[in-house]
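A.B. asks: I would like to see how this sequence folds:
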Amino acid sequence: MAGIIGTIQALETLKLLLGIGEPLAGRLLLFDGLGMSFREVRVERARHCPVCGELTVAENLSKSD
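C.D. replies: Take a look at the predicted model:
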């Protein structure tokens, strides 16, 4: 299982670094190892979320310096 997930993560990294293919940005890939099936779920940023919202925690911390 770890090998499958690691390979998918490596592929996503290559797609982003090389600017090729369609990255999974905005989508969550779910893998069922028992059934050997994949499912995609679209996800959106929550505007007021401190982690993924418009002004993230990292941005808040860097502005406080």
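A.B. asks: okay, CA-based contacts and neighbour counts for the rest of this
C.D. replies: OK.
A.B. asks: quick one: contacts for the residue lying closest to residue 26 once chain neighbours are set aside?
C.D. replies: Leaving aside its chain neighbours, residue 26 sits nearest to residue 43 (5.3 Å; criterion: Cα to Cα, 6 or more residues apart in numbering). Counting by Cα atoms under 8 Å, 6 or more residues apart in numbering, residue 43 touches 26-28.
A.B. asks: please repeat the previous calculation with a cut-off of 10 Å.
C.D. replies: Neighbouring residues of residue 43 by Cα atoms under 10 Å, 6 or more residues apart in numbering: 25-28.
A.B. asks: just put those in TSV and tack on secondary structure, distance to residue 51 and pLDDT.
C.D. replies: As requested, the contacts of residue 43 are exported to TSV (DSSP: H, G, I helix; E, B strand; the rest coil; distance: Cα to Cα, whole Å; pLDDT from 0 to 100):
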residue	secondary structure	distance to residue 51	pLDDT
25	coil	16	88
26	coil	15	89
27	strand	17	93
28	strand	16	94
